[in-house]
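Visitor: please find the sequence and the predicted model below.
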Amino acid sequence: MQRILKQLSGLLDFLYKKRCYFCHSSKENTKMCNKCYETIELNPPAPVIKILGKEVYSASVYTKNLQKLIRAIKYHNQTELAYFQAKIMYDYWQTLPISDEKFVIVPVPLHKNRLKDRKYNHMELVAKEFSKLTGYDLNNSLIYRIKETKPQYRLSIKEREENLEGAFLVDKTSYDEEKLLIIDDILTTGSTIKAMFQAFFKKDMHKVTAFTTSCTESHIIKMK
Ligand SMILES: [Zn+2]
């Protein structure tokens, strides 16, 4: 009888306990176990680049588990993992002197048609979790994506910039001179951030900083 109960409880655990999305262990009853979380190394506490004179920070390099984490939220409806992406950003953010300052979080917006296809803006989910961790407010009605842009990954830097020309529109109605922190998942050429900065500058909003979950290895090499 005891053996049967044990097997039954094992089966129930198997069915109902959360498994780590990365190593599939159900030991911690979580979507990302500590061991997998700790494989993600944080970047040095300094801006990875400056775009149009503004600082851009990035929490880690886009490798293995971080790549899997970002893709899971973005493409595979693993919305529960947004907390862990935000937590990585928060862990890194706390290593920076500017974390003492107050910011308003601005997630990179999706075009409304893209939002319809995907059902949610993955960066807004991450931004919400990041807002809970930092206590910063979130404002998702400051900037809109008004142009349906092509996916960026196959385009050259010049093509990316052309693709993003006129893509963003800023609405200052809810702006109260706060410092803005643009949040995105991957920093490659920085064209999206550049286009957003330009859209804010056009409306005379210059207190902007950007922060991405990940960047490429080459950014870190350039920092050293
Ligand atoms: Zn794991």
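Guide: Great, that's in hand.

Visitor: what residues of the helix or strand harbouring residue 50 count as buried?
Guide: Using DSSP states H and E, residue 50 sits in strand 49-51. The neighbour-count check on strand 49-51 (16 or more other CB atoms under 10 Å) flags 49, 51 as buried. (Glycine included, C-beta is placed from N, CA and C.)

Visitor: what lines up beside it in the sheet?
Guide: Looking at strand 49-51 with DSSP bridges, its partner strands are strand 54-61 (antiparallel).

Visitor: send me the helix or strand just after the partner strand as PDB with only the CA atoms.
Guide: Per DSSP H and E, the first helix or strand lying C-terminal to strand 54-61 is helix 64-75. C-alpha atoms of helix 64-75 as PDB (Å, rounded to 0.1, in the frame of the first residue of the first chain):
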ATOM      1  CA  LYS A  64      22.700  29.400 -23.900                       C
ATOM      2  CA  ASN A  65      20.100  29.600 -21.100                       C
ATOM      3  CA  LEU A  66      19.500  33.400 -21.500                       C
ATOM      4  CA  GLN A  67      18.900  32.800 -25.200                       C
ATOM      5  CA  LYS A  68      16.500  30.000 -24.400                       C
ATOM      6  CA  LEU A  69      14.800  32.200 -21.700                       C
ATOM      7  CA  ILE A  70      14.200  35.200 -24.000                       C
ATOM      8  CA  ARG A  71      13.000  33.000 -26.900                       C
ATOM      9  CA  ALA A  72      10.600  31.100 -24.600                       C
ATOM     10  CA  ILE A  73       8.800  34.300 -23.500                       C
ATOM     11  CA  LYS A  74       8.900  35.900 -27.000                       C
ATOM     12  CA  TYR A  75       7.900  33.000 -29.200                       C
END
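
Visitor: hmm, helix 64-75 touching the ion?
Guide: No: shown here: helix 64-75 not in contact with the ion (CB under 5 Å from the ion), separated by at least 8.4 Å.

Visitor: just how off-centre is that helix within its chain?
Guide: Averaged C-alpha coordinates place helix 64-75 at 10 Å from its chain's average position (CA atoms, centre = their mean, to the nearest Å).

Visitor: buried ones in it?
Guide: Within helix 64-75, judged by 16+ other CB under 10 Å, the buried ones are 65, 66, 68, 69, 70, 72, 73, 74.

Visitor: and stretch 6-20, by the same measure?
Guide: Buried residues in stretch 6-20 (16+ other CB under 10 Å): 19, 20.

Visitor: anything in it near the ion?
Guide: Yes: contact of stretch 6-20 with the ion (CB under 5 Å from the ion) involves residue 20.

Visitor: wait, what's in contact with the most centrally placed residue in the chain?
Guide: Closest to where the C-alpha atoms of the chain average out (CA atoms, centre = their mean) is residue 185, at 3.5 Å. With contact taken as CB atoms under 8 Å, 6 or more residues apart in numbering, residue 185 is in contact with 70, 74, 85, 122, 123, 126, 212, 213, 214.
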